[in-house]
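*Asks:* how would this look folded up:
(chains A and B)
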Amino acid sequence: MNEKTEITVIKNFKGFITFLMSELKPRGGKTVFTPFNVITIPLIFMGLIIIVIRFAKGLGAVTNLSQDFPWGLWIGFDVLIGIALAGGAYVLCFIYYILGYEKYHPIVRVVVLNGFLAYSFYAGALILDLGRPWNAFNVLIGNKFGFSSVLFMVAWHFFLYTLSLLFEFAPAIAEWLGLKRAWKTLNAMTLGAVVFGIMLSLGHQGGVGGLFLLAKAKIHPLWYSEFIPLLFVVSSIFAGLSMVIFEGSISSKVFKSRMSADHHEAHDRIVMSLAKVCAGSMFVYLFLKLLEINHEQTWSLLSTPMGSWYLLEVVGCVVIPAWLFMTGAKNRSTGVVKLAAIITILGVVLNRLNICLIAYKWYAPARYYPTWMEVVVTLTVVFTELWVYRWIVNRMPVVSDSPEWAQEAH
Amino acid sequence: MDRRKFFKLMGAGIAGISGSKLISPELVRAEGADFDSDELLGVLVDTTRCIGCRRCEAACAEINNLPAPDLEDKGIFEKRRETSETQYTVVNRYTPKEGKEIFVKNQCMHCNYPGCASACLVKAMHKIEQGPVNWETNCIGCRYCMVACPFDIPKFEYNSPAPKIQKCNFCWEKKVKKGQRPACVEVCPTEVMFFGTRREVIEEAKRRIYREPDKYYHQIYGENEVGGTSWVYTAAVPFEQLGFRTDLGTTPYPKLSKGYLTNIAVIDLVVPALLLGISYAAKRKKGND
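*Replies:* Okay, here's the model as predicted:
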């Protein structure tokens, strides 16, 4: 290496560092030490180190997984909860693109982006949990497809749905890059992507519940029934929309400067309408729960300790927020609706954890608790996703208006 | 690619996935058609004969290159042991209310309709034609088989960077395929185990119960449980006293997810058309079209 190239390398490296530092600062900010950076950056680094240990020494080195509890926090949180909470994308696409309710226009893109990032990152997190990830391609290519496996169906639906979300979001990327011809093609494909996206969502939202149909002997009878897939689909509607409400209230503060006036104004009106959809789907869910408990004849189990836990989930985290959504929408109180959304999210988290960890082998003396390392890796996944989300929202027309040429073409 | 072509392509792909699922051999097998479980290989474990010497454990460890158990250590009977990633079979001691202690050997039951195999998305876990349920290295390590097994048999090597699923393999490659009996069956000094086709095994179990009706509890565990298993048990006392789960039912496990798999095929085929219809109707109503 001669002196000249050496200098350019150093210069480039310096440039890269300056670039990195500028990326770390919030838009127009002066310091890199924002609370968000201070919390997330060290955590992400710690998470990466744990991931290295996990691949070098095996899952046992960093997790509390056992022969009794083969699925832990990484499946329970990242996959079960993550997918349910990302359900807002397909529900909103149905309302906006299929039913044609134009008033949701300002939030469709941001919700689709959230969905796409959630799926990409949770699929990534799933790789960490696989014992033999180098074989993961066997699911998509090969001659040994497990057609009788619910997980096979979930994997395919999951994979194709992530692609269809990318297609749904692609016009925003084209607008950002100014690719007018590509934008036209991509825009024309949106309805197709939406139609298949909804179909694929129904498939895998139910499918992640359907996985547990085979755990008949292991899940407490109050939680186990043939209804699991259907209950997962219905709960993904209000889980997803609650997350849209919750995220929306945060984004509208964080990205205030990026937000179009149109978006800002519409926000409260949209929240009220979503609250009604949430309440409606929650009543359907409760009706199904009633049907389930009557069908399985598990009334008597309600008076046991597990029964109280069950009632906490169903009454505390579905009945009460459903009522809050209703009163909130009636009185046009954003505060009440947001509270309802938060309780609903917690309820769905509780429900998914019950099915895969708490009511799962409720009879086993040894319980599963995640290690701090499992928690750190989970947070790493979430924070990395937030970083990418912030990067995209600050550049592409997500919460802001599309460029004029794109608006004219509409 | 125009929209119509895109639809066609996607549609063909989805229909392909859904359609082939409808004719999945595992489901056909679970329906009982074209499948005679009587002709599978099986073993009868007659717990009334077991003396708890654990030589089966030693033979199993030897043939599978696993750490050898210490047969002199009688202390291990104090606590109930499960099979593990280094022990494909274990003998446990039970002391029922009346009568003397009973020893029970546990290992994979090699179900007629294995839940683990139906759960596997790459067919790494599969039931071979002759009956044994075995594991291949194309496994992705998702551990769904462990969730799906009603007997909690598949075990995972958590402390390995290249983990395998470990469990009894019916000595298929090393013994049974060559016409020999499994290592544990061969080594047993008191002939606890009887090896043959499942028909012969069930007949032998029934013969023993009929011959000595007072000695046996009148049930063959595994004859009907979860649709029948290749390894079956006879005992002197009810099976729940010997650590067996008697609440598993007789439904073959793959059938439990059949409802979902059928519905998903219908959803995949019907929903896109339905959605396009709704979207068209919604647009017409607004006069946009």
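*Asks:* so what does residue B:41 look like in phi/psi?
*Replies:* phi -80, psi 150 (degrees, to the nearest 10).
*Asks:* and it, what is it in contact with?
*Replies:* The contact partners of residue B:41, taken as C-beta atoms under 8 Å, 6 or more residues apart in numbering or on different chains, are B:130-132, B:170, B:176, B:195-198, B:230. The way it works is simple: take the backbone N, C-alpha and C, and place the C-beta from them, glycine included.
*Asks:* 7 Å instead?
*Replies:* B:130-132, B:176, B:197, B:230 (C-beta atoms under 7 Å, 6 or more residues apart in numbering or on different chains).
*Asks:* narrow those residues to those that are buried.
*Replies:* B:131-132, B:176, B:197, B:230 (16 or more other C-beta atoms under 10 Å in any protein chain shown).
*Asks:* that older thread, distance to residue A:59 and secondary structure added to the contacts of residue B:41, as CSV?
*Replies:* Formatted as CSV, these follow (distance: C-beta to C-beta, whole Å; DSSP: H, G, I helix; E, B strand; the rest coil):
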residue, distance to residue A:59, secondary structure
B:130, 33, coil
B:131, 31, coil
B:132, 27, coil
B:176, 32, helix
B:197, 40, strand
B:230, 31, coil
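*Asks:* farthest-separated two in the residues you listed?
*Replies:* Distances among the contacts of residue B:41 were taken as C-beta to C-beta; the most separated pair is B:132 and B:197, at 13.0 Å.
*Asks:* tell me the SS of whichever residue of the stretch 51-200 of chain B sits closest to chain A?
*Replies:* Here the stretch 51-200 of chain B gets closest to chain A at one residue, residue B:141, 2.3 Å apart by C-beta to the nearest C-beta. The three-state assignment at residue B:141 reads coil, by DSSP: H, G, I helix; E, B strand; the rest coil.
*Asks:* where does it land on pLDDT?
*Replies:* pLDDT, residue B:141: 95.
*Asks:* select the longest helix from the chain.
*Replies:* I'll assume chain A. Longest helix in chain A, counting residues (DSSP state H): helix A:261-296.
*Asks:* hmm, no, I was thinking of chain B.
*Replies:* Per DSSP H, chain B has its longest helix at helix B:258-286.
*Asks:* which positions within that helix qualify as buried?
*Replies:* B:258, B:260-261, B:263-265, B:267-268, B:271-272, B:275, B:279, B:282.
*Asks:* likewise for stretch B:160-179?
*Replies:* Quick answer for stretch B:160-179 (16+ other C-beta under 10 Å): B:163-172, B:175-176.
*Asks:* give me the subset of those lying in strands.
*Replies:* Counting by DSSP state E, the part of the buried residues of stretch B:160-179 found in strands is B:165-166.
*Asks:* just for the chain, where's the confidence low?
*Replies:* Looking at chain A here, since you left the chain open. The model of chain A has pLDDT under 70 over residues A:1-11, A:13, A:15-31, A:409-410.
*Asks:* my question was about chain B
*Replies:* B:1-35, B:285-289.
*Asks:* with adjacent residues omitted, what lies nearest to residue 187?
*Replies:* Unless you meant another one, I'm taking chain A. residue A:171 (5.1 Å; C-beta to C-beta, 6 or more residues apart in numbering or on different chains).
*Asks:* hmm, I had chain B in mind actually
*Replies:* Per C-beta to C-beta, 6+ apart, closest to residue B:187 is residue B:59, 4.0 Å.
*Asks:* got the contact list for that neighbour?
*Replies:* Here residue B:59 is in contact with B:183-184, B:187 (criterion: C-beta under 7 Å, 6+ apart).
*Asks:* among those residues, who's most crowded?
*Replies:* residue B:184 (27 neighbours; other C-beta atoms under 10 Å in any protein chain shown).
*Asks:* now that one: which helix or strand?
*Replies:* Counting by DSSP states H and E, the element that carries residue B:184 is helix B:183-187.
*Asks:* what's in contact with stretch A:134-146?
*Replies:* A:127, A:130, A:152, A:155, A:159, B:120-123, B:138-140.
*Asks:* look up which residues are beta-bridged to the residue nearest to residue B:185 when sequence neighbours are not counted.
*Replies:* Excluding the flanking residues, the one nearest residue B:185 by C-beta to C-beta, 6+ apart is residue B:193, at 4.3 Å. Judged by DSSP bridges, the bridge partners of residue B:193 are residue B:45.
*Asks:* report how many residues lie close to residue B:193.
*Replies:* Residues near residue B:193, counting by other C-beta under 10 Å: 22.
*Asks:* that one reaches residue B:42, doesn't it?
*Replies:* No: Residue B:193 lies out of contact with residue B:42 (C-beta atoms under 7 Å); the separation is 10.3 Å.
*Asks:* any chance of the buried residues of helix B:258-286 in JSON lines, plus distance to residue A:110?
*Replies:* Below are the buried residues of helix B:258-286 laid out as JSON lines (distance: C-beta to C-beta, whole Å):
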{"residue": "B:258", "distance to residue A:110": "39"}
{"residue": "B:260", "distance to residue A:110": "32"}
{"residue": "B:261", "distance to residue A:110": "35"}
{"residue": "B:263", "distance to residue A:110": "32"}
{"residue": "B:264", "distance to residue A:110": "30"}
{"residue": "B:265", "distance to residue A:110": "34"}
{"residue": "B:267", "distance to residue A:110": "27"}
{"residue": "B:268", "distance to residue A:110": "28"}
{"residue": "B:271", "distance to residue A:110": "25"}
{"residue": "B:272", "distance to residue A:110": "25"}
{"residue": "B:275", "distance to residue A:110": "22"}
{"residue": "B:279", "distance to residue A:110": "22"}
{"residue": "B:282", "distance to residue A:110": "23"}
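*Asks:* restrict those to those near chain A?
*Replies:* Applying C-beta under 7 Å from any C-beta of the partner chain to the buried residues of helix B:258-286, one finds that B:260-261, B:264, B:267-268, B:271-272, B:275, B:279, B:282 fall near chain A.
*Asks:* need the three-state assignment for the residue lying closest to residue B:237 once chain neighbours are set aside.
*Replies:* Closest residue to residue B:237 apart from its sequence neighbours, by C-beta to C-beta, 6+ apart: residue B:96 at 4.7 Å. Following three-state DSSP, the label given to residue B:96 is coil.
*Asks:* just to check, residue B:96 is in contact with residue B:102?
*Replies:* Yes: Residue B:96 lies in contact with residue B:102 (C-beta under 7 Å); the separation is 6.5 Å.
*Asks:* neighbour-wise, which of the two wins?
*Replies:* residue B:102 (19 against 14).
*Asks:* quickly list what the more buried one is bridged to.
*Replies:* Bridge pairing for residue B:102 - DSSP bridges - gives residue B:94.
*Asks:* show me what contacts it?
*Replies:* Counting by C-beta under 7 Å, 6+ apart, residue B:102 has contacts B:47, B:94, B:96, B:235-237, B:242.
*Asks:* likewise residue A:126?
*Replies:* Contact analysis of residue A:126 by C-beta under 7 Å, 6+ apart lists A:78-79.
*Asks:* what helix or strand is it on?
*Replies:* helix A:105-129.
*Asks:* relative to helix A:105-129, how tilted is the helix or strand that that helix is followed by?
*Replies:* Using DSSP H and E, the helix or strand that follows helix A:105-129 in sequence is helix A:150-177. Angle of helix A:150-177 versus helix A:105-129, following axes from the mean of the first three to the mean of the last three C-alpha atoms, to 10 degrees, is 130 degrees.
*Asks:* in helix A:150-177, what's buried?
*Replies:* By 16+ other C-beta under 10 Å, the buried positions in helix A:150-177 come out as A:150-158, A:160-162, A:164-165, A:167-176.
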